[in-house]
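S.K.: show me how the following folds:
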Amino acid sequence: MLPVPQASSILASLGQAAFLWDLTADTIAWSDNAGTVFADIPAEALASGAAFAKLIEPSRSVRTEALAQSGPARGSEGVAYRLEYGVRAAASAPVIWIEETGCWFAGPDGKPVRVQGIVRVNNERHARDEQLMRLSRHDPLTGELNRTHLVAALAETIEETMRLRSSSAFMLIGIDHLARINDAFGFDVADAVIAEVGKRIRAKLRGGDVLGRFSGNKFGLILRNCTVDDTNTAAERFLAGIRDAVIPNKSGPVSVTASIGAITIPRYARNADEAVNRAQETLDGAKRRRAGSFALWKPNVERDAQRRVNIRVTDEIVTALNDRRIVAAFEPVVEARSRQPAFYECLVRMEQADGQALLAPDIVPVAERLGLIRLVDHRVLELAVAELAASPNVRLSLNISPDTTMDPDWWTGIESLMLAYPGAGERLIVEITETVAIQDIDDVRGFVTRLKNFGSQIAIDDFGAGYTSFRNLRKLGVDIVKIDGAFVQNIARSADDRAFVQTLIDLARRLQIKTVAEWVQDEEAAVMLREWGCDYIQGRLIGLASPERPWAVTGDKSGDTALPAAG
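M.R.: Numbers count the residues shown, from 1 in each chain. Model prediction:
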(Lines give C-alpha, C1' and ligand atoms only; values in the text may rest on other atoms or scores of the structure.)
Protein backbone atom coordinates (compact mmCIF):
# COMPACT_ATOMS: atom_id res chain seq x y z
CA MET A 1 0.00 0.00 0.00
CA LEU A 2 1.30 3.40 -0.90
CA PRO A 3 1.95 5.76 2.02
CA VAL A 4 -0.56 8.56 2.57
CA PRO A 5 1.21 11.84 1.79
CA GLN A 6 1.22 14.74 4.20
CA ALA A 7 -1.33 17.47 3.47
CA SER A 8 1.45 20.04 3.05
CA SER A 9 3.14 17.93 0.35
CA ILE A 10 -0.18 17.61 -1.52
CA LEU A 11 -0.65 21.36 -1.36
CA ALA A 12 2.91 21.95 -2.47
CA SER A 13 2.44 19.71 -5.52
CA LEU A 14 -0.59 21.82 -6.44
CA GLY A 15 1.22 25.11 -5.92
CA GLN A 16 -0.95 25.93 -2.91
CA ALA A 17 -0.50 26.72 0.81
CA ALA A 18 -2.94 26.60 3.73
CA PHE A 19 -3.24 29.14 6.53
CA LEU A 20 -5.02 29.79 9.82
CA TRP A 21 -5.56 33.46 10.68
CA ASP A 22 -6.39 34.45 14.24
CA LEU A 23 -7.94 37.89 13.85
CA THR A 24 -8.00 38.59 17.60
CA ALA A 25 -4.22 38.22 17.89
CA ASP A 26 -3.68 39.07 14.20
CA THR A 27 -1.38 36.10 13.70
CA ILE A 28 -1.24 33.87 10.63
CA ALA A 29 0.02 30.28 10.77
CA TRP A 30 1.02 28.82 7.40
CA SER A 31 1.59 25.29 6.13
CA ASP A 32 5.23 24.28 5.65
CA ASN A 33 5.23 24.99 1.89
CA ALA A 34 4.21 28.68 2.14
CA GLY A 35 7.71 29.70 1.06
CA THR A 36 7.30 27.98 -2.32
CA VAL A 37 4.09 29.95 -2.99
CA PHE A 38 5.42 33.31 -1.79
CA ALA A 39 8.86 33.14 -3.36
CA ASP A 40 11.36 35.78 -2.18
CA ILE A 41 8.96 37.04 0.52
CA PRO A 42 10.39 36.71 4.07
CA ALA A 43 8.44 34.67 6.62
CA GLU A 44 7.99 37.62 9.00
CA ALA A 45 6.05 39.47 6.25
CA LEU A 46 3.53 36.60 6.25
CA ALA A 47 3.25 36.23 10.03
CA SER A 48 0.41 38.72 10.67
CA GLY A 49 -2.53 40.19 8.85
CA ALA A 50 -1.11 43.71 9.17
CA ALA A 51 2.31 42.71 7.81
CA PHE A 52 0.81 40.68 4.96
CA ALA A 53 -1.49 43.58 4.01
CA LYS A 54 1.57 45.75 3.29
CA LEU A 55 2.45 43.40 0.44
CA ILE A 56 -0.98 43.44 -1.18
CA GLU A 57 -1.96 45.37 -4.32
CA PRO A 58 -4.02 47.21 -5.36
CA SER A 59 -5.78 47.64 -1.97
CA ARG A 60 -4.19 46.64 1.29
CA SER A 61 -7.56 46.15 2.96
CA VAL A 62 -8.87 43.76 0.31
CA ARG A 63 -8.81 40.72 2.62
CA THR A 64 -10.68 42.32 5.54
CA GLU A 65 -13.17 43.87 3.10
CA ALA A 66 -13.83 40.44 1.59
CA LEU A 67 -14.72 39.08 5.04
CA ALA A 68 -17.10 41.95 5.70
CA GLN A 69 -18.85 41.56 2.35
CA SER A 70 -19.22 37.76 2.33
CA GLY A 71 -22.47 37.66 4.33
CA PRO A 72 -23.57 37.13 7.96
CA ALA A 73 -22.48 34.21 10.08
CA ARG A 74 -24.94 31.37 10.66
CA GLY A 75 -24.23 29.90 14.10
CA SER A 76 -21.04 27.89 14.23
CA GLU A 77 -20.90 27.40 10.46
CA GLY A 78 -18.13 29.06 8.54
CA VAL A 79 -18.89 31.73 5.93
CA ALA A 80 -17.17 31.09 2.58
CA TYR A 81 -15.38 33.81 0.65
CA ARG A 82 -13.09 34.12 -2.37
CA LEU A 83 -10.86 36.94 -3.64
CA GLU A 84 -7.88 37.74 -5.85
CA TYR A 85 -4.99 40.12 -5.23
CA GLY A 86 -1.36 40.72 -6.05
CA VAL A 87 1.59 40.62 -3.64
CA ARG A 88 5.23 41.66 -3.94
CA ALA A 89 8.00 42.29 -1.45
CA ALA A 90 9.28 45.49 -3.12
CA ALA A 91 8.24 47.93 -5.79
CA SER A 92 10.92 46.56 -8.12
CA ALA A 93 9.79 42.94 -7.67
CA PRO A 94 7.28 41.28 -10.02
CA VAL A 95 3.69 40.94 -8.79
CA ILE A 96 2.58 37.46 -7.71
CA TRP A 97 -1.14 37.08 -8.36
CA ILE A 98 -2.90 35.10 -5.61
CA GLU A 99 -6.29 33.43 -5.53
CA GLU A 100 -7.50 32.96 -1.94
CA THR A 101 -10.49 30.82 -0.90
CA GLY A 102 -11.55 30.10 2.67
CA CYS A 103 -14.10 30.38 5.48
CA TRP A 104 -14.33 32.69 8.45
CA PHE A 105 -15.89 31.93 11.79
CA ALA A 106 -17.64 34.38 14.07
CA GLY A 107 -17.23 35.15 17.74
CA PRO A 108 -20.09 35.80 20.22
CA ASP A 109 -20.72 39.22 18.64
CA GLY A 110 -21.11 37.71 15.15
CA LYS A 111 -17.91 39.30 13.83
CA PRO A 112 -15.04 37.32 12.29
CA VAL A 113 -12.49 36.02 14.79
CA ARG A 114 -10.86 33.16 12.87
CA VAL A 115 -10.17 32.49 9.19
CA GLN A 116 -8.88 29.36 7.52
CA GLY A 117 -8.19 28.91 3.84
CA ILE A 118 -5.92 28.12 0.95
CA VAL A 119 -3.95 30.39 -1.36
CA ARG A 120 -2.53 29.55 -4.78
CA VAL A 121 -0.53 31.38 -7.39
CA ASN A 122 -2.71 32.37 -10.36
CA ASN A 123 -0.36 34.33 -12.63
CA GLU A 124 -1.47 32.52 -15.81
CA ARG A 125 -5.15 33.31 -15.34
CA HIS A 126 -4.40 36.92 -14.52
CA ALA A 127 -2.24 37.18 -17.64
CA ARG A 128 -5.13 35.80 -19.68
CA ASP A 129 -7.52 38.29 -18.11
CA GLU A 130 -5.12 41.12 -18.87
CA GLN A 131 -4.81 39.93 -22.47
CA LEU A 132 -8.59 39.81 -22.84
CA MET A 133 -8.81 43.28 -21.34
CA ARG A 134 -6.16 44.50 -23.76
CA LEU A 135 -7.97 42.95 -26.71
CA SER A 136 -11.18 44.65 -25.63
CA ARG A 137 -9.40 48.01 -25.67
CA HIS A 138 -6.96 47.65 -28.54
CA ASP A 139 -7.08 46.91 -32.25
CA PRO A 140 -5.64 43.42 -32.83
CA LEU A 141 -3.82 44.34 -36.07
CA THR A 142 -1.99 47.49 -34.94
CA GLY A 143 -2.03 47.16 -31.15
CA GLU A 144 -3.38 50.71 -30.89
CA LEU A 145 -6.59 51.75 -29.14
CA ASN A 146 -9.74 50.60 -30.89
CA ARG A 147 -12.37 53.07 -32.04
CA THR A 148 -14.53 52.82 -28.92
CA HIS A 149 -11.72 53.66 -26.52
CA LEU A 150 -10.20 56.25 -28.86
CA VAL A 151 -13.50 58.16 -28.95
CA ALA A 152 -13.79 57.82 -25.16
CA ALA A 153 -10.29 59.29 -24.79
CA LEU A 154 -11.28 62.10 -27.17
CA ALA A 155 -14.34 62.92 -25.05
CA GLU A 156 -12.14 63.02 -21.91
CA THR A 157 -9.63 65.28 -23.65
CA ILE A 158 -12.32 67.73 -24.77
CA GLU A 159 -13.72 67.86 -21.24
CA GLU A 160 -10.23 68.41 -19.83
CA THR A 161 -9.31 71.15 -22.31
CA MET A 162 -12.57 72.96 -21.59
CA ARG A 163 -11.89 72.78 -17.86
CA LEU A 164 -8.26 73.89 -18.16
CA ARG A 165 -8.97 76.36 -20.98
CA SER A 166 -6.22 74.82 -23.08
CA SER A 167 -6.09 73.81 -26.74
CA SER A 168 -5.66 70.38 -28.32
CA ALA A 169 -6.24 68.83 -31.73
CA PHE A 170 -7.87 65.74 -33.16
CA MET A 171 -6.64 64.24 -36.44
CA LEU A 172 -7.97 61.58 -38.75
CA ILE A 173 -5.13 60.11 -40.82
CA GLY A 174 -6.39 58.18 -43.85
CA ILE A 175 -4.18 55.88 -45.94
CA ASP A 176 -4.63 56.86 -49.59
CA HIS A 177 -5.80 54.30 -52.17
CA LEU A 178 -5.73 51.31 -49.83
CA ALA A 179 -8.28 49.56 -52.07
CA ARG A 180 -5.71 49.57 -54.88
CA ILE A 181 -3.22 47.80 -52.63
CA ASN A 182 -5.91 45.24 -51.76
CA ASP A 183 -6.57 44.62 -55.45
CA ALA A 184 -2.93 44.55 -56.50
CA PHE A 185 -1.39 42.50 -53.67
CA GLY A 186 -4.16 41.06 -51.49
CA PHE A 187 -5.58 41.77 -48.06
CA ASP A 188 -2.59 40.36 -46.18
CA VAL A 189 -0.30 42.96 -47.77
CA ALA A 190 -2.86 45.71 -47.12
CA ASP A 191 -2.97 44.65 -43.45
CA ALA A 192 0.83 44.79 -43.30
CA VAL A 193 0.69 48.32 -44.75
CA ILE A 194 -1.86 49.41 -42.14
CA ALA A 195 0.28 47.98 -39.33
CA GLU A 196 3.44 49.67 -40.65
CA VAL A 197 1.71 53.04 -41.05
CA GLY A 198 0.56 52.75 -37.44
CA LYS A 199 4.17 52.16 -36.34
CA ARG A 200 5.40 55.15 -38.35
CA ILE A 201 2.80 57.44 -36.81
CA ARG A 202 3.63 56.19 -33.31
CA ALA A 203 7.32 56.84 -33.89
CA LYS A 204 6.51 60.53 -34.43
CA LEU A 205 4.29 61.02 -31.35
CA ARG A 206 5.06 63.13 -28.32
CA GLY A 207 4.51 61.88 -24.81
CA GLY A 208 0.85 62.17 -23.86
CA ASP A 209 -0.51 61.95 -27.43
CA VAL A 210 -3.13 59.24 -27.97
CA LEU A 211 -3.25 57.08 -31.10
CA GLY A 212 -5.98 54.65 -32.14
CA ARG A 213 -7.25 52.83 -35.20
CA PHE A 214 -10.46 54.60 -36.17
CA SER A 215 -11.56 52.37 -39.07
CA GLY A 216 -10.15 50.18 -41.84
CA ASN A 217 -7.76 52.70 -43.41
CA LYS A 218 -7.93 55.50 -40.83
CA PHE A 219 -6.09 56.29 -37.62
CA GLY A 220 -7.34 58.77 -35.05
CA LEU A 221 -4.85 60.90 -33.14
CA ILE A 222 -5.34 63.15 -30.12
CA LEU A 223 -2.64 65.80 -29.76
CA ARG A 224 -2.82 67.28 -26.26
CA ASN A 225 -1.70 70.85 -25.55
CA CYS A 226 -1.39 71.59 -29.24
CA THR A 227 -1.76 75.00 -30.91
CA VAL A 228 -2.74 75.54 -34.56
CA ASP A 229 0.94 76.01 -35.51
CA ASP A 230 1.84 72.84 -33.61
CA THR A 231 -0.91 70.98 -35.48
CA ASN A 232 0.42 72.09 -38.87
CA THR A 233 3.95 71.08 -37.94
CA ALA A 234 2.83 67.72 -36.56
CA ALA A 235 0.75 66.95 -39.66
CA GLU A 236 3.72 67.46 -41.97
CA ARG A 237 5.84 65.30 -39.66
CA PHE A 238 3.34 62.43 -39.87
CA LEU A 239 2.84 62.74 -43.64
CA ALA A 240 6.59 62.76 -44.27
CA GLY A 241 7.13 59.80 -41.95
CA ILE A 242 4.58 57.77 -43.92
CA ARG A 243 5.60 58.71 -47.48
CA ASP A 244 9.39 59.07 -47.29
CA ALA A 245 10.24 55.36 -47.34
CA VAL A 246 8.58 52.47 -49.16
CA ILE A 247 7.06 49.67 -47.12
CA PRO A 248 8.75 46.32 -47.80
CA ASN A 249 6.57 43.21 -47.89
CA LYS A 250 6.64 39.68 -49.31
CA SER A 251 5.15 40.87 -52.62
CA GLY A 252 7.63 43.70 -53.08
CA PRO A 253 7.93 47.29 -51.86
CA VAL A 254 4.78 49.41 -51.61
CA SER A 255 4.79 53.21 -51.76
CA VAL A 256 2.14 54.71 -49.50
CA THR A 257 0.84 58.19 -48.78
CA ALA A 258 -1.75 59.41 -46.30
CA SER A 259 -4.03 62.43 -46.03
CA ILE A 260 -4.99 64.20 -42.81
CA GLY A 261 -8.05 66.10 -41.67
CA ALA A 262 -7.78 67.84 -38.31
CA ILE A 263 -9.78 70.06 -35.99
CA THR A 264 -8.84 72.24 -33.04
CA ILE A 265 -10.62 71.27 -29.83
CA PRO A 266 -12.52 72.51 -27.93
CA ARG A 267 -12.64 75.70 -30.01
CA TYR A 268 -14.41 74.12 -32.98
CA ALA A 269 -15.79 70.95 -31.39
CA ARG A 270 -17.39 70.77 -27.96
CA ASN A 271 -18.01 67.02 -27.96
CA ALA A 272 -16.49 63.87 -29.47
CA ASP A 273 -19.16 63.36 -32.15
CA GLU A 274 -18.71 66.89 -33.45
CA ALA A 275 -14.92 66.51 -33.50
CA VAL A 276 -15.08 63.19 -35.38
CA ASN A 277 -17.62 64.43 -37.94
CA ARG A 278 -15.70 67.61 -38.70
CA ALA A 279 -12.35 65.84 -38.89
CA GLN A 280 -13.88 63.30 -41.28
CA GLU A 281 -15.37 66.06 -43.41
CA THR A 282 -12.00 67.81 -43.55
CA LEU A 283 -10.18 64.59 -44.43
CA ASP A 284 -12.61 63.95 -47.28
CA GLY A 285 -11.97 67.45 -48.58
CA ALA A 286 -8.20 66.97 -48.37
CA LYS A 287 -8.40 63.71 -50.33
CA ARG A 288 -10.55 65.32 -53.03
CA ARG A 289 -8.01 68.10 -53.52
CA ARG A 290 -4.89 65.93 -53.56
CA ALA A 291 -3.81 62.63 -52.05
CA GLY A 292 -1.15 63.06 -49.38
CA SER A 293 -2.35 66.47 -48.22
CA PHE A 294 -3.43 68.04 -44.93
CA ALA A 295 -6.40 70.27 -44.09
CA LEU A 296 -7.48 71.93 -40.84
CA TRP A 297 -11.20 72.48 -40.23
CA LYS A 298 -12.35 76.09 -40.41
CA PRO A 299 -15.80 77.66 -40.06
CA ASN A 300 -17.59 78.18 -43.36
CA VAL A 301 -20.67 80.37 -43.43
CA GLU A 302 -21.83 79.17 -46.85
CA ARG A 303 -21.42 75.50 -45.93
CA ASP A 304 -23.33 75.93 -42.67
CA ALA A 305 -26.09 77.82 -44.48
CA GLN A 306 -26.32 75.06 -47.10
CA ARG A 307 -26.64 72.47 -44.36
CA ARG A 308 -29.48 74.38 -42.80
CA VAL A 309 -31.12 74.47 -46.22
CA ASN A 310 -30.54 70.73 -46.61
CA ILE A 311 -32.23 70.05 -43.27
CA ARG A 312 -35.16 72.27 -44.20
CA VAL A 313 -35.57 70.82 -47.68
CA THR A 314 -35.26 67.26 -46.38
CA ASP A 315 -38.10 67.94 -43.98
CA GLU A 316 -40.13 69.60 -46.75
CA ILE A 317 -39.65 66.68 -49.16
CA VAL A 318 -40.56 64.05 -46.58
CA THR A 319 -43.58 66.07 -45.45
CA ALA A 320 -44.67 66.58 -49.06
CA LEU A 321 -44.41 62.85 -49.72
CA ASN A 322 -46.51 62.08 -46.65
CA ASP A 323 -49.07 64.77 -47.56
CA ARG A 324 -49.24 63.66 -51.22
CA ARG A 325 -47.96 67.06 -52.37
CA ILE A 326 -45.45 65.48 -54.73
CA VAL A 327 -47.31 65.78 -58.02
CA ALA A 328 -46.60 65.43 -61.73
CA ALA A 329 -46.44 67.91 -64.59
CA PHE A 330 -46.57 66.81 -68.20
CA GLU A 331 -44.39 68.13 -71.02
CA PRO A 332 -45.36 67.22 -74.59
CA VAL A 333 -43.00 65.42 -76.95
CA VAL A 334 -44.26 65.69 -80.53
CA GLU A 335 -43.44 64.11 -83.87
CA ALA A 336 -41.00 66.35 -85.70
CA ARG A 337 -42.93 66.23 -89.00
CA SER A 338 -46.60 66.29 -88.00
CA ARG A 339 -46.20 68.06 -84.62
CA GLN A 340 -48.73 65.56 -83.26
CA PRO A 341 -48.21 64.50 -79.61
CA ALA A 342 -46.19 61.28 -79.38
CA PHE A 343 -45.91 61.04 -75.58
CA TYR A 344 -45.61 63.25 -72.52
CA GLU A 345 -42.65 63.44 -70.15
CA CYS A 346 -43.80 63.12 -66.55
CA LEU A 347 -41.86 65.66 -64.44
CA VAL A 348 -41.90 65.98 -60.65
CA ARG A 349 -43.31 69.02 -58.85
CA MET A 350 -43.66 69.75 -55.15
CA GLU A 351 -46.64 71.87 -54.09
CA GLN A 352 -45.91 74.34 -51.30
CA ALA A 353 -48.17 75.84 -48.68
CA ASP A 354 -48.27 79.21 -50.51
CA GLY A 355 -49.64 77.56 -53.65
CA GLN A 356 -46.35 77.79 -55.55
CA ALA A 357 -44.65 74.68 -56.90
CA LEU A 358 -40.99 73.70 -56.78
CA LEU A 359 -39.78 72.38 -60.14
CA ALA A 360 -37.70 69.29 -60.83
CA PRO A 361 -34.37 71.23 -60.97
CA ASP A 362 -35.13 72.51 -57.45
CA ILE A 363 -36.07 69.08 -56.07
CA VAL A 364 -34.08 66.35 -57.81
CA PRO A 365 -30.46 67.48 -57.11
CA VAL A 366 -31.23 68.05 -53.42
CA ALA A 367 -33.15 64.77 -53.14
CA GLU A 368 -30.24 62.91 -54.78
CA ARG A 369 -27.68 64.57 -52.49
CA LEU A 370 -29.71 63.79 -49.36
CA GLY A 371 -30.62 60.22 -50.28
CA LEU A 372 -34.34 60.90 -50.79
CA ILE A 373 -34.53 60.52 -54.56
CA ARG A 374 -35.69 56.90 -54.47
CA LEU A 375 -38.72 57.92 -52.43
CA VAL A 376 -39.49 60.67 -54.94
CA ASP A 377 -39.03 58.28 -57.87
CA HIS A 378 -41.42 55.80 -56.22
CA ARG A 379 -44.09 58.46 -55.98
CA VAL A 380 -43.65 59.66 -59.56
CA LEU A 381 -43.89 56.06 -60.77
CA GLU A 382 -47.20 55.66 -58.91
CA LEU A 383 -48.53 58.87 -60.46
CA ALA A 384 -47.43 57.93 -63.98
CA VAL A 385 -48.93 54.43 -63.87
CA ALA A 386 -52.18 55.79 -62.42
CA GLU A 387 -52.40 58.24 -65.35
CA LEU A 388 -51.69 55.46 -67.85
CA ALA A 389 -54.38 53.29 -66.30
CA ALA A 390 -56.90 56.15 -66.42
CA SER A 391 -56.10 57.18 -70.02
CA PRO A 392 -55.68 54.16 -72.32
CA ASN A 393 -54.49 56.23 -75.31
CA VAL A 394 -51.72 58.12 -73.50
CA ARG A 395 -47.98 57.33 -73.49
CA LEU A 396 -45.80 58.73 -70.69
CA SER A 397 -42.10 58.81 -70.00
CA LEU A 398 -40.47 59.29 -66.61
CA ASN A 399 -36.93 59.88 -65.41
CA ILE A 400 -35.37 57.74 -62.70
CA SER A 401 -32.18 58.53 -60.85
CA PRO A 402 -29.04 56.39 -60.93
CA ASP A 403 -29.72 55.10 -57.40
CA THR A 404 -33.20 53.95 -58.34
CA THR A 405 -32.05 51.75 -61.21
CA MET A 406 -30.63 49.23 -58.73
CA ASP A 407 -33.21 49.72 -55.99
CA PRO A 408 -35.02 46.40 -55.28
CA ASP A 409 -37.94 48.29 -53.70
CA TRP A 410 -38.50 50.18 -56.95
CA TRP A 411 -38.70 46.86 -58.77
CA THR A 412 -41.19 45.53 -56.25
CA GLY A 413 -43.27 48.67 -56.77
CA ILE A 414 -43.27 48.58 -60.57
CA GLU A 415 -44.06 44.86 -60.68
CA SER A 416 -47.06 45.27 -58.40
CA LEU A 417 -48.28 48.26 -60.42
CA MET A 418 -47.90 46.43 -63.73
CA LEU A 419 -49.91 43.52 -62.34
CA ALA A 420 -52.57 45.89 -60.98
CA TYR A 421 -52.90 47.76 -64.30
CA PRO A 422 -52.34 45.38 -67.25
CA GLY A 423 -51.26 47.17 -70.40
CA ALA A 424 -49.88 50.23 -68.62
CA GLY A 425 -46.30 49.03 -69.03
CA GLU A 426 -46.63 48.97 -72.82
CA ARG A 427 -47.22 52.74 -72.83
CA LEU A 428 -44.43 53.57 -70.37
CA ILE A 429 -41.02 54.92 -71.38
CA VAL A 430 -38.34 54.87 -68.68
CA GLU A 431 -35.54 57.41 -69.09
CA ILE A 432 -32.14 56.68 -67.57
CA THR A 433 -29.18 59.04 -67.64
CA GLU A 434 -26.15 58.42 -69.80
CA THR A 435 -23.94 58.08 -66.69
CA VAL A 436 -26.05 55.13 -65.52
CA ALA A 437 -25.71 53.46 -68.90
CA ILE A 438 -21.89 53.44 -68.70
CA GLN A 439 -21.44 52.53 -65.01
CA ASP A 440 -21.97 48.77 -65.30
CA ILE A 441 -23.20 47.66 -68.68
CA ASP A 442 -24.19 44.17 -67.47
CA ASP A 443 -26.25 45.42 -64.51
CA VAL A 444 -27.95 48.05 -66.65
CA ARG A 445 -28.72 45.45 -69.33
CA GLY A 446 -30.50 43.35 -66.72
CA PHE A 447 -32.49 46.41 -65.68
CA VAL A 448 -33.45 47.12 -69.30
CA THR A 449 -34.44 43.52 -69.96
CA ARG A 450 -36.79 43.42 -66.98
CA LEU A 451 -38.49 46.63 -68.10
CA LYS A 452 -38.87 45.38 -71.65
CA ASN A 453 -40.57 42.27 -70.29
CA PHE A 454 -43.38 44.60 -69.21
CA GLY A 455 -43.52 46.01 -72.73
CA SER A 456 -41.89 49.28 -71.69
CA GLN A 457 -39.36 51.23 -73.75
CA ILE A 458 -36.00 52.59 -72.64
CA ALA A 459 -34.69 56.06 -73.40
CA ILE A 460 -31.23 57.48 -72.70
CA ASP A 461 -31.66 61.02 -71.35
CA ASP A 462 -29.21 63.89 -72.00
CA PHE A 463 -27.34 61.85 -74.60
CA GLY A 464 -24.09 63.48 -75.69
CA ALA A 465 -23.17 64.84 -72.27
CA GLY A 466 -21.30 61.65 -71.31
CA TYR A 467 -19.31 58.94 -73.04
CA THR A 468 -21.80 56.25 -74.03
CA SER A 469 -20.96 54.72 -77.38
CA PHE A 470 -23.57 53.69 -79.93
CA ARG A 471 -22.21 50.18 -79.54
CA ASN A 472 -23.35 50.25 -75.90
CA LEU A 473 -26.75 51.60 -76.93
CA ARG A 474 -27.21 48.66 -79.26
CA LYS A 475 -25.98 46.24 -76.61
CA LEU A 476 -28.50 47.64 -74.12
CA GLY A 477 -31.37 47.55 -76.58
CA VAL A 478 -32.17 51.24 -76.11
CA ASP A 479 -35.30 52.40 -77.99
CA ILE A 480 -34.94 56.18 -77.80
CA VAL A 481 -32.05 58.62 -77.51
CA LYS A 482 -32.83 62.08 -76.11
CA ILE A 483 -30.17 64.47 -77.38
CA ASP A 484 -28.90 66.78 -74.66
CA GLY A 485 -30.56 70.19 -75.00
CA ALA A 486 -27.25 71.96 -74.41
CA PHE A 487 -26.30 70.93 -77.96
CA VAL A 488 -29.76 71.54 -79.45
CA GLN A 489 -30.59 75.04 -78.24
CA ASN A 490 -27.86 76.74 -80.29
CA ILE A 491 -27.92 74.72 -83.53
CA ALA A 492 -29.20 77.74 -85.49
CA ARG A 493 -26.08 79.71 -84.48
CA SER A 494 -23.36 77.12 -83.83
CA ALA A 495 -21.79 75.10 -86.65
CA ASP A 496 -20.17 72.76 -84.10
CA ASP A 497 -23.49 71.99 -82.43
CA ARG A 498 -25.15 71.48 -85.83
CA ALA A 499 -22.47 68.98 -86.86
CA PHE A 500 -22.69 67.14 -83.55
CA VAL A 501 -26.49 66.86 -83.46
CA GLN A 502 -26.76 65.92 -87.13
CA THR A 503 -24.18 63.15 -86.64
CA LEU A 504 -26.02 61.75 -83.60
CA ILE A 505 -29.32 61.69 -85.50
CA ASP A 506 -27.75 59.96 -88.51
CA LEU A 507 -26.05 57.28 -86.41
CA ALA A 508 -29.17 56.62 -84.36
CA ARG A 509 -31.28 56.27 -87.52
CA ARG A 510 -28.81 53.70 -88.92
CA LEU A 511 -29.21 51.70 -85.68
CA GLN A 512 -33.00 52.08 -85.82
CA ILE A 513 -33.04 54.06 -82.57
CA LYS A 514 -35.56 56.90 -82.34
CA THR A 515 -34.28 60.39 -81.47
CA VAL A 516 -35.75 63.20 -79.38
CA ALA A 517 -34.24 66.69 -79.52
CA GLU A 518 -34.63 68.52 -76.18
CA TRP A 519 -34.75 72.28 -75.58
CA VAL A 520 -36.06 73.20 -79.03
CA GLN A 521 -36.46 76.97 -78.74
CA ASP A 522 -37.54 78.21 -82.16
CA GLU A 523 -39.02 77.24 -85.51
CA GLU A 524 -35.68 77.48 -87.31
CA ALA A 525 -34.20 74.78 -85.09
CA ALA A 526 -37.32 72.63 -85.45
CA VAL A 527 -37.09 72.73 -89.25
CA MET A 528 -33.40 71.77 -89.19
CA LEU A 529 -34.11 68.82 -86.92
CA ARG A 530 -36.97 67.64 -89.09
CA GLU A 531 -34.81 67.80 -92.23
CA TRP A 532 -32.01 65.87 -90.52
CA GLY A 533 -34.44 63.05 -89.72
CA CYS A 534 -34.99 63.68 -85.97
CA ASP A 535 -38.11 61.76 -84.91
CA TYR A 536 -39.39 63.89 -82.02
CA ILE A 537 -38.86 67.36 -80.61
CA GLN A 538 -39.47 68.82 -77.16
CA GLY A 539 -39.00 72.23 -75.61
CA ARG A 540 -40.26 75.79 -75.31
CA LEU A 541 -41.43 75.90 -78.96
CA ILE A 542 -43.75 72.94 -78.37
CA GLY A 543 -44.84 73.76 -74.83
CA LEU A 544 -43.42 73.50 -71.33
CA ALA A 545 -44.56 71.17 -68.57
CA SER A 546 -47.98 71.80 -67.05
CA PRO A 547 -49.92 70.12 -64.23
CA GLU A 548 -52.91 70.07 -66.59
CA ARG A 549 -53.44 66.89 -68.57
CA PRO A 550 -52.96 67.98 -72.19
CA TRP A 551 -54.53 64.80 -73.57
CA ALA A 552 -57.87 65.74 -71.98
CA VAL A 553 -57.92 68.74 -74.37
CA THR A 554 -56.68 66.89 -77.44
CA GLY A 555 -59.48 64.35 -77.43
CA ASP A 556 -58.89 61.72 -74.78
CA LYS A 557 -61.50 62.61 -72.16
CA SER A 558 -60.73 59.49 -70.18
CA GLY A 559 -57.77 61.22 -68.58
CA ASP A 560 -59.79 63.86 -66.71
CA THR A 561 -59.41 62.03 -63.41
CA ALA A 562 -56.38 59.98 -62.39
CA LEU A 563 -56.91 56.74 -60.56
CA PRO A 564 -55.52 56.45 -57.05
CA ALA A 565 -52.00 55.06 -56.98
CA ALA A 566 -51.79 51.32 -56.50
CA GLY A 567 -50.60 50.19 -53.10
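S.K.: who's in contact with G261?
M.R.: Residues near G261 by CB atoms under 8 Å, 6 or more residues apart in numbering: 171-172, 174, 279-286, 294-295, 297. C-beta here means a position set from N, CA and C on the backbone, and glycine is covered the same way.
S.K.: rerun at 6 Å
M.R.: G261 makes contact with 172, 279, 282-283, 286, 295 under the criterion CB atoms under 6 Å, 6 or more residues apart in numbering.
S.K.: got phi/psi on it?
M.R.: Recorded main-chain torsions at G261 are phi -120, psi 130, according to degrees, to the nearest 10.
S.K.: which strand residues bridge it?
M.R.: For G261, the beta-bridge assignment (DSSP bridges) gives partners L172, A295.
S.K.: returning to what we had before: now pLDDT, neighbour count and distance to V527 too, for the contacts of G261, in a markdown table please.
M.R.: Output for the contacts of G261, formatted as a markdown table (pLDDT from 0 to 100; neighbours: other CB atoms under 10 Å; distance: CB to CB, whole Å):
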| residue | pLDDT | neighbour count | distance to V527 |
| --- | --- | --- | --- |
| L172 | 96 | 25 | 59 |
| A279 | 95 | 30 | 59 |
| T282 | 94 | 22 | 55 |
| L283 | 95 | 24 | 55 |
| A286 | 94 | 24 | 53 |
| A295 | 94 | 21 | 54 |
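S.K.: hmm, L476 is touching V448, no?
M.R.: Yes: using CB atoms under 6 Å, L476 makes contact with V448 at a distance of 5.3 Å.
S.K.: tell me which of the two has more neighbours.
M.R.: The neighbour comparison of L476 against V448 (other CB atoms under 10 Å) goes to V448, with 22 against 19.
S.K.: hang on, that one packs against Q457?
M.R.: No: in terms of CB under 6 Å, V448 does not count as a neighbour of Q457; the distance is 9.8 Å.
S.K.: that older thread, wait, which of the contacts of G261 is closest to R307?
M.R.: T282 (14.8 Å; CB to CB).
S.K.: can I take it that that closest one is in a helix?
M.R.: Yes: with DSSP: H, G, I helix; E, B strand; the rest coil as the criterion, T282 is part of a helix.
S.K.: gap between it and I56?
M.R.: As judged by CB to CB, to the nearest Å, T282 and I56 stand 50 Å apart.
S.K.: likewise for T404?
M.R.: As for T404, its distance to I56 is 68 Å (criterion: CB to CB).
S.K.: where does the prediction get shaky in the stretch 101-250 of the chain?
M.R.: Counting by pLDDT under 70, the stretch 101-250 of the chain contains low-confidence ranges at 126-136.
S.K.: which stretches of it form helices?
M.R.: For the stretch 101-250 of the chain, applying DSSP state H, counting those that start in this stretch gives helices covering 123-137, 147-164, 178-185, 187-203, 228-243.
S.K.: now tabulate the ones you listed in CSV and tack on mean neighbour count.
M.R.: Output for these, formatted as CSV (neighbours: other CB atoms under 10 Å):
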stretch, mean neighbour count
helix 123-137, 12
helix 147-164, 16
helix 178-185, 16
helix 187-203, 18
helix 228-243, 17
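S.K.: how about those, which one is nearest R493?
M.R.: Counting by CB to CB, R493 lies closest to helix 178-185 out of the helices of the stretch 101-250 of the chain; the figure is 46.0 Å.
S.K.: and the helices in the stretch 451-567 of the chain?
M.R.: Listed in chain order (using DSSP H, counting those that start in this stretch), the helices of the stretch 451-567 of the chain are 470-476, 485-488, 495-510, 523-532, 550-553.
S.K.: so which of these is the most surrounded?
M.R.: For the helices of the stretch 451-567 of the chain, average neighbour numbers computed from mean count of other CB atoms under 10 Å are highest in helix 485-488, which has a mean of 21.
S.K.: and that one, how far out from the chain middle?
M.R.: Mean C-alpha position of helix 485-488 versus that of the full chain (CA atoms, centre = their mean, to the nearest Å) differs by 38 Å.
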